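Colleague: okay, here's the prediction I keep looking at, along with the sequence it came from:
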Amino acid sequence: MKIFAYTYTDPLLETTPASTSWGEWQVDRVYQDLGQRSQLQLLFTDCKTNPPDYLIVRRLEELGDTVEEVSDRLSQLETMGITLVAVEQGYNSADQFPNPRAELLKLLHEIQRQQHSHRIRQAHARNRLNACPPPGKAPYGYKKSKNKYILDRTTSPVVKDFFEHFLLYGSLRGAVRYLAKKYGKKISVTTGRRWLTNPVYRGSTAYQNGEIISDTHTPVISKEEAAQVDRLLRRNSRLPSRTASAPRSLAGLVVCGECQSHMSIARVTIRNQDKEYLYLRPISCTKRPKCRAISYQEVLDSTIQAVCRDLPIAVAKMNSPQLDGIKNNLDNAIARQQEILNQLPTLIETGILDTETAKLRAYKLRTEISVLQANLATLPPVNLCSVAVAVSIPQFWLDLSEAERRFYFREFIRQIELIRQDQEWELRVIFIF
């Protein structure tokens, strides 16, 4: 008994399978097509001269691009007396029950529907190869041209101002309120978060399959600003709810070392007096008696002293050679991929690659470059040492507003642990790195 198998792969939509499982079938020869169906023509030529007993396919629609083509090839196989088996659809042309013709008609209707979907996906895939925007409305701040996003001069300044406010103060809710107050543009916090993470505002185009192509249009923010946005979002995600936009710089950072409770900031005023007193007190203390409140200003002064003393030491302890090595490896990998990308036009001119194959290769290279750039952006900034020197001066902190101080504290500090000793206390500052 002789058995042939045939597979067709559309390179726009799927990768070529390394191997195909044919189940219990012992296949003598496999014909594989990628994009074109030259091997299918060879298969039918071989079947005329030396026909097999069975032809195995994964799905019937692999035999043609239309229902008419599939039906014609089914008829040819039937005329040659070859039994067709579609392993993924449970179809066998030799079945005599209950009604093979009815089953075939049902499959042909399904093939028609699948091929319509296939053509739509192919069109979207070709758009991806040309780095065209995906279907749908352009994000706020952009318009769609023929093959890319372009800035909307009316609304893009609003988005730019939103990002600048977030970068300045590190507060998503604050940036949302700022937008509503200054421009009358009301968005939800969820929408604001989507803006901050949307690749389109970073000059990249993202597709539904999760792949991203960088540098496809004019960005709203630079790569350095985008990396800073990501660091701020990661930092804020570690803080208790709503403390990212709290007016006080220590909000959400201080933890009581005795009861392990986060500490909130309590404001106390005296009747008929303008002066106010701020205290840090545990939110959910389980001790009896409860841990006492501590002056906010004293903790703030001690925190500034600890940062000025310990931050340069913590930065110096970082494994700089290893970090530099990781960055160099990523930079070199990006450069290699970019060099290959630059060679593709020459390969097309010399006939080594056809245009369609070159587009596929370029798309793959650009998505790989985007992944490498994303990995590079997650690393600490290269100027961390110089920044640590600048912020180790006490006067630097004293000249800042509470909102500005909150931004810098959260850039470096993961947590401040307040360690109590009888009536005294001391701080232990835990840095992010």
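Modeller: Received it, and whenever you're ready, just let me know what you need. Numbers count the residues shown, from 1 in each chain.

Colleague: quick check, residue 106 in a strand?
Modeller: No - Residue 106 is assigned helix when assessed by DSSP: H, G, I helix; E, B strand; the rest coil, not a strand.

Colleague: what count of nearby residues applies to it?
Modeller: Residues lying near residue 106 (other Cβ atoms under 10 Å) number 12. From N, CA and C alone the C-beta is placed, and that goes for glycine too.

Colleague: ok, now how distant is it from residue 306?
Modeller: Distance, residue 106 to residue 306, using Cβ to Cβ, to the nearest Å: 74 Å.

Colleague: with residue 354 instead?
Modeller: The value you get for residue 354 to residue 306, if Cβ to Cβ is used, is 64 Å.

Colleague: okay, these two: which has more neighbours?
Modeller: residue 306 (16 against 12).

Colleague: secondary structure class for the more buried one?
Modeller: Secondary structure, three-state DSSP: residue 306 is helix.

Colleague: how about the strands of the stretch 251-400 of the chain, start to end?
Modeller: Here the stretch 251-400 of the chain has its strands, by DSSP state E, counting those that start in this stretch, at 254-256, 263-269, 276-282, 294-295.

Colleague: most packed of the ones you listed?
Modeller: strand 254-256 (a mean of 23; mean count of other Cβ atoms under 10 Å).

Colleague: what sits up against it?
Modeller: Contact with strand 254-256 is made by 261-263, 280, 282, 285, 291, 299, 415-418, 420, as judged by Cβ atoms under 8 Å, 6 or more residues apart in numbering.

Colleague: got these as a markdown table, with pLDDT columns?
Modeller: Listed next are those as a markdown table, based on pLDDT from 0 to 100:
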| residue | pLDDT |
| --- | --- |
| 261 | 91 |
| 262 | 89 |
| 263 | 90 |
| 280 | 92 |
| 282 | 91 |
| 285 | 88 |
| 291 | 88 |
| 299 | 94 |
| 415 | 91 |
| 416 | 93 |
| 417 | 93 |
| 418 | 92 |
| 420 | 86 |
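
Colleague: mark which of those residues are buried, thanks.
Modeller: Neighbour-count burial (16 or more other Cβ atoms under 10 Å) applied to the contacts of strand 254-256 gives 261-263, 280, 282, 285, 291, 299, 415-416, 418.

Colleague: ok so, going back, need the contacts of strand 254-256 in a markdown table with distance to residue 431, can you?
Modeller: Output for the contacts of strand 254-256, formatted as a markdown table (distance: Cβ to Cβ, whole Å):
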| residue | distance to residue 431 |
| --- | --- |
| 261 | 22 |
| 262 | 18 |
| 263 | 19 |
| 280 | 20 |
| 282 | 23 |
| 285 | 26 |
| 291 | 24 |
| 299 | 17 |
| 415 | 9 |
| 416 | 10 |
| 417 | 12 |
| 418 | 16 |
| 420 | 22 |
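
Colleague: between those residues, which is nearest residue 368?
Modeller: residue 415 (37.0 Å; Cβ to Cβ).

Colleague: helices or strands next to the one helix or strand that closest one maps to in the packing?
Modeller: Element membership of residue 415, judged by DSSP states H and E, is strand 413-421. On a contact count with 3 or more Cβ pairs under 8 Å, 6 or more residues apart in numbering; DSSP states H and E, strand 413-421 meets strand 254-256, helix 296-317, strand 424-431.

Colleague: ok, which of those comes nearest residue 274?
Modeller: Closest among the helices and strands packed on strand 413-421, using Cβ to Cβ: helix 296-317, at 16.6 Å.

Colleague: can you count the residues close to residue 337?
Modeller: 18.

Colleague: I figured it hits residue 368, correct?
Modeller: Yes - the pair residue 337 and residue 368 passes the contact test of Cβ atoms under 8 Å, sitting 5.6 Å apart.

Colleague: pLDDT value on residue 370, please?
Modeller: The model reports residue 370 with a pLDDT of 91.

Colleague: now do the contacts for it.
Modeller: Residue 370 touches 204, 211-214, counting by Cβ under 8 Å, 6+ apart.

Colleague: repeat that for 6 Å
Modeller: By Cβ atoms under 6 Å, 6 or more residues apart in numbering, residue 370 lies in contact with 212, 214.

Colleague: for residue 147, see how far away the residue most central in space within the chain is.
Modeller: The chain has residue 210 as the residue nearest its centroid, 6.9 Å off, counting by Cα atoms, centre = their mean. Distance, residue 210 to residue 147, using Cβ to Cβ: 21 Å.
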